[in-house]
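Student: Dropping the sequence and predicted coords here.
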Amino acid sequence: MPTATSARSARLGLRATPEQEAVLRRAAEAAHKSLTDFILDAACQAAEQTLLDQRLFMVSGSQYQALMDMLDRPESDNPGLADLFSRRPVWAGK
């Protein structure tokens, strides 16, 4: 997630133990990054992974096959779903 330094306007504050700071500084130096860039890059990677974990589900081969079989079945009437899709969504306004 590239971020131009000049475009940064949000300020984040955090507190760390001296040991945590030392580890972060050493890692930033090893990565040839500023401490800020290192922390932001690592935090954004962790945030993206957390968000992906909310949308990506790992299943076994048999569970995957059961899902594929279910998706391949012919559709059936679903009055509740038909009713839901017939309504105007609340976010569409009036």
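Tutor: Happy to help now that I have it. Numbering: from 1, shown residues only.
Student: Nearest the geometric middle of the chain, what residue?
Tutor: The chain has Leu51 as the residue nearest its centroid, 1.9 Å off, counting by C-alpha atoms, centre = their mean.
Student: Please enumerate residues in contact with stretch 66-83?
Tutor: Outside stretch 66-83, the residues that touch it by C-beta atoms under 8 Å, 6 or more residues apart in numbering are Val59. For the C-beta atoms, the positions are set from N, CA and C on the backbone; glycine is no exception.
Student: repeat that with 10 Å
Tutor: The contact list for stretch 66-83, computed with C-beta atoms under 10 Å, 6 or more residues apart in numbering, reads 57, 59-60, 84-85.
Student: related to what we said a few turns ago, the residue nearest to the centre of the chain sits in which helix or strand?
Tutor: helix 35-53 (DSSP states H and E).
Student: what residues does that helix touch?
Tutor: Helix 35-53 is contacted from outside by 1-3, 5, 8, 12, 14, 16, 21, 24-25, 27-34, 56, using C-beta under 10 Å, 6+ apart.
Student: quick check: mean pLDDT across it?
Tutor: Average pLDDT, helix 35-53: 94.
Student: one step back: and the contacts of helix 35-53, which of them are buried?
Tutor: Ala28 (16 or more other C-beta atoms under 10 Å).
Student: mind listing which of the contacts of helix 35-53 are in helices?
Tutor: 21, 24-25, 27-30 (DSSP state H).
Student: Now compare those and name the two farthest from each other.
Tutor: Glu21 and Ala30 (14.9 Å; C-beta to C-beta).
Student: need the contact list for Lys94.
Tutor: Arg88.
Student: Show me how this structure divides into domains.
Tutor: Per the record, the chain has its domains at 15-53, 61-92, by automatic domain parsing.
Student: Show me what counts as buried in the shortest one.
Tutor: So that's domain 61-92. If you call a residue buried by 16+ other C-beta under 10 Å, then domain 61-92 has no buried ones at all.
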